[in-house]
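Asker: Let me see the structure of the following:
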Amino acid sequence: MSPVLNAAGRNRRLLSSVALVSLIWPVAGHAQSASRGLDPIVVEGQSARPSKPRAAAIAGSARQRRAAARPAAAPAPSPTQAATASTAVPPTFNLGTPASSASRLNLTPLQTPASVEVIAADTIAERGQHSVIDAVTQNATGFTASPAPGNGGLAFNTRGFTGNGTVMSLYDGTRMYVGSGTMTYPFDTWTAQRIEVLRGPASVMYGEGAIGGAINVISKKPSWLPRNEAEISLDTNMTRRLAVDSTGPINPNVSYRLAAIGNMSDGWVDRDKTSNVAVSGSIRVQAADNLAFTLSEDYADRSPSRYFGTPLVNGQLDESLRFQNYNVGDASIRYRDNWTQLKTEWDAAEGVSVKNVTYYLSTHRHWKDVESYAYSPATGIINRSSYIEIFHDQEQLGSRTDATFKGHLFGLANEFVAGFDVNRIAFTHTNNSPYAGTSSVTPYNFDPGYFLPVSPTRPSFHTLTTQYGLFAENRLSLTDQLSLVGGVRSDHPTVERTDFLTPSNSFEKTYSAPSWRAGLVYTPIKDLAFYGQYSTAVDPVTNLITMTGVNRDFALSTGKQVEIGVKQQLAGGRAEWTLAAYQIVKNNLLARDPQNPANTNPLQIGQQSSRGIEASAGLKVTETLRLDANVAVLRAKYDDFVQVVGGQAVNYAGNVPANVPQVVSNIWATWAFAPGWSANAGVQLVGDTWADNANTLVRPAYNVVNAGLMWKPDAQQTFALRVYNLFDTVYTTSGNTSQWLLGMPRTAELSYNVKF
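Answerer: Coordinates of the predicted model:
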């Protein structure tokens, strides 16, 4: 048996064990109250922040009521107290924490008939996860990523679906429309208060797209408690990282938040210096007891990695090429993102609240590099092609308003929200298509050369997309134990495309994108919930705002999902576990006509499906030891997907879509082994992944171990030593049949964090 098959067998056995361990924690016994998430081993240096009471609850002047609503700052613990405290990771999926990403009714995951997790900032910081990619894929159940410079480095995969078009990324619940498959913000976790992930269709929440799921990064908000924090770190790739965060009141009615992060790195492959800056600032104005405004400004300027992958040698990875970078010497990539948002929150009356978010988003991206590398067996050299220069200039102006009503319907407790959103998106694509130019270099000790401007760079097309959507959601408590949760949404986008190179390809097209969902949640005892849900979704055949003339007349692809599951908190918050099973079917994929392979115009006859089981569990074993684990096992396949190979129509029915691992798991352990000291270790397990839809080449399964050691001499300071990819595993994050992007090798990082 080959080494690859042996490794795959070992992975399957280990992952099966993980799934079993995740489920054996007993659910019988006392059901105790645990409205919060799973308890951390200890909580240090935190004070409760009660929510602001309603105006009628406190007598006196408005200023007195606002002052009463704000907690006094807790005194810092003494060095003696800090020395005897143990630290350990907080919970990872927080079943009792309200999550806005799966419902606009502010339901907790226990109340929501869907798979939703909340990843807290403390968890992210404890595990040293600086990027959104790492925080999601190493903590959330069933998520992997396919980052590459071409897609902005933020492409996720879940439940058998891949890419920014079908797994949506949001920031504070706002989406930037995806152009040409690319998303570049948010990318760093320092400015995040938490990350919420929703597995399964999210169209009823956010509109077309997101048939696989959604990732919502929630930013840090202004606080009435003064708090300052700074962190500095250095790793063995010479990554220098500096971060600051400050919040507090400006006066009794105004508070602020300012967080910034900057880093520079030499990179882990040759000639790959990077730099990133992100700044997030916000001001909250409490205009009245029932009215607040929050103005936020987020800006990022990135010069990310210019490593496009390692060419395969005779269809296999040659590890001696691991650190080679075959891009040209003057390659350049830069992303600049800006998000301006004004949020209004108004408690109009008892049980009635209104929210509005008005925003202006922009992104400017530039690529100038050579992106395709192929090894030549005959000559032993690397042939380079695709000399690409591309500009993306996108501006999005939008507004979202919703009103929530809490009361009774026919004597039953009822919560209802309805609203609308509108967007106007202008996108200009400038490029040097057909991306001509070729060159060759030796595998080692080569001159990288310079970019060849063979094709002129000029504006290619411009689109103006206008969109409006109407949505509503309702939760009806049929009994104390049974609730019905449903939602509906209707989107109507219009795309106007102006093609500068081929005017006949210009068009204007309006689409209709309805979606809905309905689910039941049954809670026989407190903190134990069984649920079932049916949901629908819509996906454009390509990204909506970069729709081509060839695809303009195709209807949106449609999807449907059936999901059942169970969730529980128990033992007074010491344990949580979830189990879900689902099936998703997506129709109207573009495929070739099987009766006429020579016809290059596709038909909407394809179908793709996925079914799977997901489980997660967290357990506070003792006061100093905590375990977390999750596993996702799925079967994703094309049910009908005809392509032309060698002039013949070939149906890929039964094949697994590219970039979709069938097994994914994460395991974390945290041990506070001495006063002020703690250690953690986690392993991410990803199964075999096909590199192409024809299933001719497999990227092998891999296990990556990360570990950390932390020392807190007092409540304000933390020293941490972390080692990423502890065993220096060579693994692939994305790639096709000719080149693979490899993951970071073993890297050690030393950091210092101080709060004051």
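
Asker: And the pLDDT at the spatially most central residue of the chain?
Answerer: The centroid of the chain falls nearest to residue 215 when counting by CA atoms, centre = their mean (3.7 Å). For residue 215, the pLDDT comes out at 97.

Asker: likewise residue 192?
Answerer: 97.

Asker: likewise residue 23?
Answerer: pLDDT, residue 23: 34.

Asker: follow-up on the earlier one: can you name the residues bridging to the residue nearest to the centre of the chain?
Answerer: residue 169, residue 197 (DSSP bridges).

Asker: Please name the residues that touch it.
Answerer: Neighbouring residues of residue 215 by CB atoms under 8 Å, 6 or more residues apart in numbering: 132, 136, 143, 156, 167, 168, 169, 170, 195, 196, 197, 198. The way it works is simple: take the backbone N, C-alpha and C, and place the C-beta from them, glycine included.

Asker: Can you get me a residue count around the closest residue to the fourth one other than its chain neighbours?
Answerer: Spatial nearest neighbour of residue 156, chain neighbours left out: residue 167 (4.3 Å); criterion: CB to CB, 6 or more residues apart in numbering. Residue 167 sits with 30 neighbouring residues when counted by other CB atoms under 10 Å.

Asker: what does residue 378 give?
Answerer: 5.

Asker: Could you report the separation of it from residue 680?
Answerer: From residue 378 across to residue 680, the span is 50 Å (CB to CB, to the nearest Å).

Asker: what about residue 476, neighbour count?
Answerer: Count around residue 476 with other CB under 10 Å applied: 17.

Asker: before we move on, what about residue 597?
Answerer: Neighbours of residue 597 (other CB under 10 Å): 17.

Asker: which residues sit in contact with it?
Answerer: 644, 647, 648, 649.

Asker: any idea how far it lies from residue 642?
Answerer: For residue 597, the distance to residue 642 - CB to CB - is 8 Å.

Asker: Can you work out which residues contact both of those two?
Answerer: Contacts common to residue 597 and residue 642, judged by CB under 8 Å, 6+ apart, are residue 649.

Asker: Can you tell me the element residue 164 falls in?
Answerer: Under the criterion DSSP states H and E, no helix or strand holds residue 164.

Asker: Give me the distance between residue 596 and residue 588.
Answerer: If you go by CB to CB, the gap between residue 596 and residue 588 works out to 19 Å.

Asker: Apologies, that question was intended for residue 199.
Answerer: Distance from residue 199 to residue 588, by CB to CB: 22 Å.

Asker: neighbour count winner among these two?
Answerer: Using other CB under 10 Å as the criterion, residue 199 and residue 588 rank with residue 199 on top: 27 against 19.

Asker: what about the nearest residue to that one once chain neighbours are set aside, how many residues close to it?
Answerer: Of all residues not flanking residue 199 in the chain, residue 115 sits nearest, at 4.1 Å (CB to CB, 6+ apart). Residue 115 has 30 neighbours, counted by other CB under 10 Å.

Asker: beta partners for residue 438?
Answerer: Here residue 438, judged by DSSP bridges, has bridge partners residue 385.

Asker: same check, this time on residue 482
Answerer: Residues in beta-bridge contact with residue 482 (DSSP bridges): residue 522.

Asker: For residue 98, what is the enclosing helix or strand?
Answerer: With DSSP H and E as criterion, residue 98 is part of no helix or strand.
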